[in-house]
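Novice: test case, fold it:
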Amino acid sequence: MNPATRDLLTRVSTATLCTALFKRGLRNQFLQNVHPLRAGRPNMVGEAFTLRYIPAREDLNTLAVFQNPDHPQRKAVEDCPPGAVLVIDSRQDARAASAGSILATRLMRRGAAGLVTDGGFRDTPEIAALDMPAYHQRPSAPTNLTLHQAVDINVPIGCGDVAVFPGDVLVGDSEGVIVVPAHLADEIAAEATEMTAFEDFVTERVQAGDTIIGLYPPTDPRTPEAFAAWRKQHGR
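Specialist: Coordinates of the predicted model:
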């Protein structure tokens, strides 16, 4: 990812990104029922590195599988590149954990930008305290082996009812996580930055008592001029 693009995406909201993508006909990029373990932290931004689970089959998914260094869950943690986000397709099933604090800690130490699943995590107090953002559906104490069988890494997956392709850009904030297709990341980041500046201007005017009519959207011909003056004043 272009470092300038990464920097811009750290400063825009998932809501603004949703609107920018909607303008391009992309209506289903926000992960459904996926929430931050700890809100109020800086944006998560990183390229997707994926892990896919299928329903567990009891004779193949015993504790002994973890002795295999090539077990897909363990391999995903060890192979996820620094700066990337490990995204886990758990089929929106949070009855068993997708991962726990030890794997999350290893990801953090390896420099991952974040951890996302549409299932649940165990050891959530410990994961929430890590210096790495994590997003899930809800806490879940049972081991992943009870319901989830890891089968693939870095393949296209579904997470939270959204298609996620390896290399897509994930952005997470206190509301949730959005998937930006890789080929659109640069232009979406630039447009969302412009939209954020305008929304900040509008918010300031509304807080001062202005009507939204003619301001948002800017149909009043005086609005662009006022916005240009505001940008100059605020260095935006």
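Novice: the closest residue to residue 123 other than its chain neighbours: what's it in contact with?
Specialist: Of all residues beyond its chain neighbours, the one nearest residue 123 is residue 101 (3.5 Å), with distances taken as CB to CB, 6 or more residues apart in numbering. Placement of C-beta: from N, CA and C, glycine included. Contact analysis of residue 101 by CB atoms under 8 Å, 6 or more residues apart in numbering lists 122, 123, 126, 127, 130.
Novice: so which of the residues you listed is the most crowded?
Specialist: Note: the member of the contacts of residue 101 with the most neighbours is residue 127, at 26 neighbours, neighbours being other CB atoms under 10 Å.
Novice: mind naming the longest strand for this structure?
Specialist: Ranked by residue count under DSSP state E, the longest strand found in the chain is strand 44-55.
Novice: residues of it that come out buried?
Specialist: When burial is assessed from 16 or more other CB atoms under 10 Å, strand 44-55 yields the following buried residues: 44, 45, 46, 47, 48, 49, 50, 51, 52, 53.
Novice: mind jotting down where the helices sit in the protein?
Specialist: For the chain, helices defined by DSSP state H occupy the ranges 3-9, 14-22, 72-79, 101-109, 124-129, 185-207, 222-234.
Novice: export those helices to CSV and tack on distance to residue 85 and mean pLDDT?
Specialist: Conversion of the helices of the chain to CSV gives the following (distance: least, CB to CB, whole Å; pLDDT from 0 to 100):
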stretch, distance to residue 85, mean pLDDT
helix 3-9, 12, 97
helix 14-22, 14, 98
helix 72-79, 12, 96
helix 101-109, 9, 98
helix 124-129, 14, 98
helix 185-207, 13, 96
helix 222-234, 32, 92
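Novice: thinking again about what came up before, pLDDT and distance to residue 150 for the buried residues of strand 44-55 - can I get that in a markdown table?
Specialist: Conversion of the buried residues of strand 44-55 to a markdown table gives the following (pLDDT from 0 to 100; distance: CB to CB, whole Å):
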| residue | pLDDT | distance to residue 150 |
| --- | --- | --- |
| 44 | 98 | 22 |
| 45 | 98 | 25 |
| 46 | 98 | 21 |
| 47 | 98 | 20 |
| 48 | 98 | 16 |
| 49 | 98 | 14 |
| 50 | 98 | 11 |
| 51 | 98 | 6 |
| 52 | 98 | 7 |
| 53 | 97 | 6 |
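Novice: closest one of those residues to residue 69?
Specialist: Sorting the buried residues of strand 44-55 by distance to residue 69 puts residue 51 at the head of the list, at 15.7 Å, by CB to CB.
Novice: ok, the spatially closest residue to that closest one that is not a sequence neighbour - contacts?
Specialist: On the basis of CB to CB, 6+ apart, the spatially nearest residue to residue 51 that is not a chain neighbour turns out to be residue 76, at 4.2 Å. Applying CB under 8 Å, 6+ apart to residue 76 gives the contacts 49, 50, 51, 86, 150, 153, 154.
Novice: one more time with 10 Å
Specialist: The contact partners of residue 76, by CB atoms under 10 Å, 6 or more residues apart in numbering, come to 49-52, 86-88, 99, 103, 107, 150, 152-154.
Novice: thinking again about what came up before, to residue 140, which of the helices of the chain lies closest?
Specialist: For these, the distance to residue 140 is smallest for helix 124-129, at 8.6 Å, taking CB to CB.
Novice: and the closest one, what does it pack against?
Specialist: Secondary-structure packing of helix 124-129 (3 or more CB pairs under 10 Å, 6 or more residues apart in numbering; DSSP states H and E): helix 101-109, strand 134-136, strand 138-139.
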